[in-house]
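J.: Sequence plus the predicted model coming up.
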Amino acid sequence: MLQSGADVKALDPRRDPKKEDSMHRACSAELRPWRNGLGILMNVGAEKLCGRRTRMKWYKVDPERIRAAKQKAVDGGAEFVSTNDILAAFWSRASNANALSMAMNLRGRADGVVDDLAGMYSKNPFWADDGSLKPADIRRSLEAGAPFGCMPVPGFFETLFMRIALTTNWSSFFEELRIDGCEQVLHVPVFSMIAPIDASIIFRPRPRELAVLYLCKRPGSEDKLLADDGPHKEPLLEAMFEQH
């Protein structure tokens with residue numbers, strides 16, 4: 001973080017192609033041809049050409065509801081679930097996704113991908129709907145280690161009509177911006193949604209607070225965001241981002 005008092009650390013800018021293969025192996029290598037296949041291209045292409053405009057929704061994460069969801073998971077037999085597990089599973093249910101893709105930082109998770117590398121070292125493992133609806137199922141899959149994700153290779157026609165949702169967590173990279181004489185009032189993500197799929201971005205609008213930006217592309221994906229059993233009770237300055 002560029003701010004007064006921040007530690008300065010040198011990173012290695014060299015890009016090794018072997019690390020790309022290592023990251024794909026860590027995220028189910030058998031899905032690699034499918035990710036770049038005709039079925040996916042036609043799925044997102046049709047949504048791009050014929051789908052509706054993306055709706056943006058911003059909601060605070062309610063700490064009490066998160067605590068209740070964690071307790072429910074423990075009561076159901078899980079040893080532990082994270083806030084990210086809860087928010088990812090909620091988005092999978094709310095968006096009616098057949099496949100959930102989770103952006104994952106692979107430093108320390110893929111062979112040869114270490115912390116001092118400069119640049120982006122992330123991939124998107126996939127979970128089928130039967131493995132992404134409960135936080136405990138996502139946690140169990142992650143703790144099992146690489147290859148991450150839990151989804152067999154879908155067929156061509158299944159892919160054509162599949163609802164794909166993406167989730168990514170930016171809060172783990174958050175550091176409070178400290179500038180002498182200034183106070184951080186609000187931080188929101190800057191995100192260009194190229195692929196026409198439903199997406200959620202977990203972020204910190206202020207220190208010690210969590211919120212989620214939902215990019216709702218397909219009909220119905222925003223209808224359940226304020227469900228009684230969900231993680232949200234109120235919007236994050238919704239009037240500021242009102243869409244017409």
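T.: Okay, I see it.
J.: for the residue lying farthest from the centre of the chain, what are its contacts?
T.: Going by C-alpha atoms, centre = their mean, the residue of the chain most distant from its centre is residue 181, 33.9 Å out. Under the criterion of C-beta atoms under 8 Å, 6 or more residues apart in numbering, residue 181 has no neighbours. Yep, even glycine has a C-beta here, placed from its N, CA and C like the rest.
J.: On the three-state scheme, it is what?
T.: coil (DSSP: H, G, I helix; E, B strand; the rest coil).
J.: and it, what pLDDT?
T.: With respect to pLDDT, residue 181 has a value of 83.
J.: What of residue 176?
T.: Looking at residue 176, its pLDDT is 74.
J.: Pull out the buried positions in whichever helix or strand residue 21 is part of.
T.: According to DSSP states H and E, residue 21 maps onto helix 17-26. Neighbour-count burial for helix 17-26, counted by 16 or more other C-beta atoms under 10 Å, picks out 19, 22-26.
J.: And the helices in this structure, which stretches?
T.: Using DSSP state H, the helices found in the chain span residues 17-26, 32-35, 38-50, 63-75, 83-94, 135-143, 156-160.
J.: what does the first one rub up against?
T.: Spelled out, it's helix 17-26. Residues contacting helix 17-26 (C-beta under 8 Å, 6+ apart): 32, 106, 109-113, 117, 121-123, 146-148.
J.: swap in the third one?
T.: For helix 38-50, contacts defined as C-beta under 8 Å, 6+ apart pick out 34, 154-162, 164, 195-197, 217-218.
J.: hmm, back to that, just give me the closest of the buried residues of helix 17-26 to residue 205.
T.: Comparing those against residue 205 with C-beta to C-beta places residue 23 closest, at 30.2 Å.
J.: State the distance from residue 102 to residue 196.
T.: In this view, residue 102 and residue 196 are 18 Å apart by C-beta to C-beta, to the nearest Å.
J.: scratch that, residue 61 is what I was asking about
T.: For residue 61 relative to residue 196 (C-beta to C-beta), the value is 26 Å.
J.: do residue 190 as well
T.: 19 Å.
J.: Mind checking which of the two has more residues around it?
T.: Taking neighbours as other C-beta atoms under 10 Å, residue 190 and residue 196 compare with residue 196 leading, 21 against 4.
J.: so that one makes contact with residue 52?
T.: No. Contact status for residue 196 versus residue 52: not in contact, 9.5 Å apart, counting by C-beta atoms under 8 Å.
J.: Common neighbours of the two, please.
T.: Counting by C-beta under 8 Å, 6+ apart, the contacts common to residue 196 and residue 52 are residue 217.
J.: picking up where we left off before, let's have the buried residues of helix 17-26 in JSON lines, adding distance to residue 98 and pLDDT.
T.: Formatted as JSON lines, the buried residues of helix 17-26 follow (distance: C-beta to C-beta, whole Å; pLDDT from 0 to 100):
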{"residue": "19", "distance to residue 98": "30", "pLDDT": "89"}
{"residue": "22", "distance to residue 98": "28", "pLDDT": "92"}
{"residue": "23", "distance to residue 98": "24", "pLDDT": "91"}
{"residue": "24", "distance to residue 98": "22", "pLDDT": "89"}
{"residue": "25", "distance to residue 98": "24", "pLDDT": "89"}
{"residue": "26", "distance to residue 98": "23", "pLDDT": "91"}
